[in-house]
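>>> Requesting a structural model of the entry that follows:
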Amino acid sequence: MTDISVLPLKAPNQPRLEGPGSRIGSRIGSRSGEHPSTVISRTRPWYPLYNCDTPTFIHPSIGTAPLNDLTFYEFPLNERVRLFIRLEQLFHQFDHFMRGRTVWDCRAVVDTLIDIVGVFTRNDLKSEALQEIDRQTAVLNRMAKLYEGVNQDKLTEVVGRLEELSRELYSVPGKLGAPLMENELFKGIVQRSAMPGGSCSFDLPAYHHWLEGDETARRADLEHWIEPFLKTRLAIEILLNFIRTSATPTTELATAGFFQKSLDHSLAFQLLRVAIPRTAPYYAEVSGGKHRFTIRFMIRDPDLRPTQTHEDVEFLLTACLF
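This is a model prediction of the structure:
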């Protein structure tokens, strides 16, 4: 993952929070798999501890909470971010089933690829990604002028990577995914996919032959089919990473499982993130829009409709704005 740490962790006139043995410096999220935190705090400070194997966050109210002990619920506030997150999930799903070696894993990979192609077909993802890259590049350049202590080398590296991605996307001719839809085998699978169970051997004997054939050749086909989408995938991952790490989480309280808040109308917030302990008996249901949102913490029932908890729920809220 691209290291996006270019600003000092400590904002002017803000106290620094550190835990025992914490290591907080001028860079964050540089090691593979680490989750970068915010770089400028708008409210309460919230910094990562990376001196342990599991990324840990310390917060003045909630204490120390490893990331793998939290469940995150995200709510996009514009269509572009909503589209990016849908694709991100589909790409992760593709990766998961690609690790499998059975015919059923391969079927799941193809089904996921059909969904990916469908999203690209219905939307101009290349244009959306290019516009977001241009916007975020402009934001980074403004940050360099507004904040003291900016790591200019890191900023140059990140902006250069974004500009390189922009050039790569511009160089892709035509609409992404169009050539794949000309592949006779894939096109036949897509046509039958709308019918439940429509990919049986008697429906698609060519597909059945391909599934039962050489595994190496089959995987090579899948890698070839997904390859045109990889540049856009990388761009989306970097862009979402900037958005998710752009703000400082705050501890909030949902009285009797209900929380409502208004957003500053002059700011174009992009994403809400709600974090609660993984072991909590309830889940977060977020609704609303750009100006006001509501969070209800609901308890699932195996047979009946979910009900709102009567407990007061403490949670972490991040209103992402980059």
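
>>> Going by C-alpha atoms from here, please, whenever you check contacts or count neighbours.
OK.

>>> Which of the helices or strands spans residue 319?
Residue 319 is located in strand 313-320, with elements delineated by DSSP states H and E.

>>> which residue ranges form the helices in the stretch 201-322 of the chain?
205-211, 215-226, 230-244 (DSSP state H, counting those that start in this stretch).

>>> Can I get the ones you listed in JSON lines including mean neighbour count, mean pLDDT and distance to residue 102?
Listed next are the helices of the stretch 201-322 of the chain as JSON lines, based on neighbours: other CA atoms under 10 Å; pLDDT from 0 to 100; distance: least, CA to CA, whole Å:
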{"stretch": "helix 205-211", "mean neighbour count": "15", "mean pLDDT": "95", "distance to residue 102": "9"}
{"stretch": "helix 215-226", "mean neighbour count": "13", "mean pLDDT": "94", "distance to residue 102": "9"}
{"stretch": "helix 230-244", "mean neighbour count": "19", "mean pLDDT": "90", "distance to residue 102": "24"}
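
>>> so which of those comes closest to residue 151?
Ranking the helices of the stretch 201-322 of the chain by proximity to residue 151 (CA to CA) places helix 230-244 first, at 16.2 Å.

>>> re the thing from before, let me have the helices of the stretch 201-322 of the chain in CSV, extended by distance to residue 316.
Output for these, formatted as CSV (distance: least, CA to CA, whole Å):
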stretch, distance to residue 316
helix 205-211, 46
helix 215-226, 36
helix 230-244, 13
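
>>> Out of those helices, flag the one nearest residue 289.
When these are compared (using CA to CA), the closest one is helix 230-244, at 17.2 Å.

>>> Now do the strand holding residue 319 and helix 230-244, the angle between them.
Strand 313-320 and helix 230-244 are oriented at 120 degrees to each other (axes from the mean of the first three to the mean of the last three CA atoms, to 10 degrees).

>>> Can you list the helices and strands that strand 313-320 packs against?
Under the contact criterion of 3 or more CA pairs under 8 Å, 6 or more residues apart in numbering; DSSP states H and E, strand 313-320 touches strand 250-254, strand 271-277.

>>> Which residue comes closest to residue 119 once chain neighbours are left out?
Closest residue in space to residue 119, ignoring its immediate chain neighbours: residue 87 at 7.6 Å, by CA to CA, 6 or more residues apart in numbering.

>>> hang on, isn't the one you found packed against residue 116?
Yes: contact criterion CA atoms under 8 Å: residue 87 and residue 116 qualify, at 6.8 Å.

>>> so what's residue 160 up against?
With contacts taken as CA atoms under 8 Å, 6 or more residues apart in numbering, residue 160 has no neighbouring residues.

>>> I'd like to know how far residue 244 sits from residue 272.
To residue 272, residue 244 is 9 Å away according to CA to CA, to the nearest Å.

>>> same deal with residue 246?
Taking CA to CA as the measure, residue 246 falls 11 Å from residue 272.
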